[in-house]
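*Asks:* Structure of the sequence below:
(one chain, ligands or ions: 1)
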Amino acid sequence: MTVICEKFSVSTKGNTDIIDITDSVKNIVYRHSLTNAVIHVYVAGSTVSVTNIEFEPGLLVDLPEALEKIAPVDKDYHHDEMWHDGNGYAHVRASIVGNSTMVPLIDGALQLGQWQQIVLVDFDNKPRQRTVHVIIQQ
Ligand code: ZN
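*Replies:* Numbers count the residues shown, from 1 in each chain. Here you go, the predicted model:
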């Protein structure tokens, strides 16, 4: 098995900023001219996630609204009592959504649905610089 490790960085505004990273992932994957592989997209950090969504204006409101019900920004969090960084909600949201996704590459094409994009969601309460790792296994 061969493993190729690449990465790119993303500047975010924080506060549940949703950024379409599909083209960045495609650029890395297609540069290698592979036929079949497993593509893992992973972001390091405990207040940020990588997931999939249809990147359209309605869902860019719906997802934050759904997460606000599960982990509201203004709730009291034990994390904030301990660390006083005010981002307890961001840690909870990131844990639920997760920090990686996998996309198969089959016959040279990433198997994404027509309306399926790969997104980075930064929940932290301030702008951040994030590193996204693209791990290619074949
Ligand atoms: Zn924190």
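
*Asks:* so which strand or helix has residue 29?
*Replies:* helix 22-31 (DSSP states H and E).

*Asks:* residues making contact with that helix?
*Replies:* Residues outside helix 22-31 that contact it (CB atoms under 8 Å, 6 or more residues apart in numbering) are 6, 8, 10, 37, 39, 41, 55, 103, 105, 110, 112, 117-119, 132, 134, 136. Glycine gets a C-beta too; all of them are placed from N, C-alpha and C.

*Asks:* which strands and helices sit next to the helix or strand just after it?
*Replies:* Downstream of helix 22-31, the first helix or strand assigned by DSSP H and E is strand 37-43. Packed against strand 37-43 by the contact rule (3 or more CB pairs under 8 Å, 6 or more residues apart in numbering; DSSP states H and E) you find helix 22-31, strand 48-53, strand 100-106, strand 128-137.

*Asks:* Could I have the ChimeraX command that selects the buried members from the contacts of helix 22-31?
*Replies:* In ChimeraX, a selection of the buried entries from the contacts of helix 22-31 looks like this (16 or more other CB atoms under 10 Å):
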select :6,10,37,39,41,55,103,105,110,117,118,119,132,134,136
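
*Asks:* what subset of the contacts of helix 22-31 is also close to the ion?
*Replies:* Near the ion, judged by CB under 5 Å from the ion, there are no entries from the contacts of helix 22-31.

*Asks:* what's the distance between residue 94 and residue 123?
*Replies:* Remark: distance between residue 94 and residue 123 (CB to CB, to the nearest Å) = 5 Å.

*Asks:* Give me the common contacts of the two.
*Replies:* Common contacts of residue 94 and residue 123 (CB under 8 Å, 6+ apart): 47, 48, 49.

*Asks:* now these as TSV including pLDDT, neighbour count and distance to residue 74?
*Replies:* TSV is the format used below for those (pLDDT from 0 to 100; neighbours: other CB atoms under 10 Å; distance: CB to CB, whole Å):
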residue	pLDDT	neighbour count	distance to residue 74
47	98	24	17
48	98	25	21
49	98	25	21
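
*Asks:* of all these, which comes closest to the ion?
*Replies:* Nearest to the ion among the shared contacts of residue 94 and residue 123: residue 47, at 6.5 Å, using CB to the ion.
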